[in-house]
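Engineer: Here is a sequence together with a model predicted from it:
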Amino acid sequence: MAEGEGREVRIAAVGDLHFDATRGTSFRDMFSEVNKKADILVLCGDMTTHGKPEQMAAFVQELAGVEVPIVAVLGNHDYEAGEHEAVMAVMRDRGIQVLDGDTVVIDSVGFAGTKGFAGGFGRGALAPFGELLIKEFVQAAMDEAIKVENGLRNLNTDVRVCVLHYAPIWETVKGEPEVIWPFLGSSRLLQPIDTIGCDVVFHGHAHHGTIEGVTPAGIPVYNVAQPLLQERGENFFVWTIKAPERRGAKPERLKVGS
């Protein structure tokens, strides 16, 4: 790479590991590969099975060999026990940047993230009409979309990454039974992404969806649920971008895949 052209930043992304120490599963070998292949690790939710702090503490031990910075959002499984604040505290004690509507900048790359929510896509999206419970459900999706909007607006970096658990477009849940698509994401998350803009979106949750999609504005979206990645022999997804050295210059997307 010639001097002044910028530098490559490699982001490894994965979600839906569903770690439970009682099952005897280990991710230590997988995470040791991250140091060799990436500069930043992004975790897209569902690190645990039931969202218990002790489960997250055990999962954090699996990350012991990871030397690169880690950015994460929680998934629906990480909320299961209702102890998500304690779960996030365990992660933050490890030095993980856990996003819930806020942002972090690492190596001149800005990250905005939140869990996201369900509700469906496009004309099939659930509307806030009728019973109070329906209105509250839709409001939860809208609240998550506002977190995306505020996060992206607050990033003043040339490279911006949006991290979610739920999908913002239907194209990356395609492959799952269509009847469950409304529970896998919400197009309410899409509007701030396309309006404000970013360079890439990572999400998980749809274990048997489609790895790659694109928003109407042309922003790439990657479903990095590990069960889906493993179908093509990968444990995590690697995305590379050339971060510009000159402020305001346009970043260059280089390659995807590990």
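Structural biologist: Received the coordinates, thanks.

Engineer: how near is Asn150 to Ala112?
Structural biologist: Asn150 sits 8 Å away from Ala112, taking C-beta to C-beta, to the nearest Å as the criterion. Placement of C-beta: from N, CA and C, glycine included.

Engineer: How far does the lengthiest helix in the chain sit from its chain's centre?
Structural biologist: Counting residues, the longest helix found in the chain (DSSP state H) is helix 132-154. Relative to the centre of its chain, helix 132-154 is centred 16 Å away, using C-alpha atoms, centre = their mean, to the nearest Å.

Engineer: where exactly do the strands run in the stretch 1-150 of the chain?
Structural biologist: Per DSSP state E, counting those that start in this stretch, the stretch 1-150 of the chain carries strands over the ranges 7-14, 40-44, 70-73, 97-98, 103-106, 109-113.

Engineer: Just the element for Pro227, please.
Structural biologist: Using DSSP states H and E, Pro227 sits in helix 226-230.

Engineer: following that helix, which helix or strand shows up next?
Structural biologist: Using DSSP H and E, the next helix or strand after helix 226-230 towards the C-terminus is strand 237-243.

Engineer: and that next one with strand 7-14, angle?
Structural biologist: 160 degrees (axes from the mean of the first three to the mean of the last three C-alpha atoms, to 10 degrees).

Engineer: so where's the protein shaky on pLDDT?
Structural biologist: Where the chain drops to pLDDT under 70, the residues are 1-6, 24, 244-258.

Engineer: tell me which residues in stretch 191-203 are buried?
Structural biologist: For stretch 191-203, the buried set under the neighbour-count rule, 16 or more other C-beta atoms under 10 Å, comprises Pro192, Ile193, Ile196, Cys198, Asp199, Val200, Val201, Phe202, His203.

Engineer: Cool, thanks, talk later.
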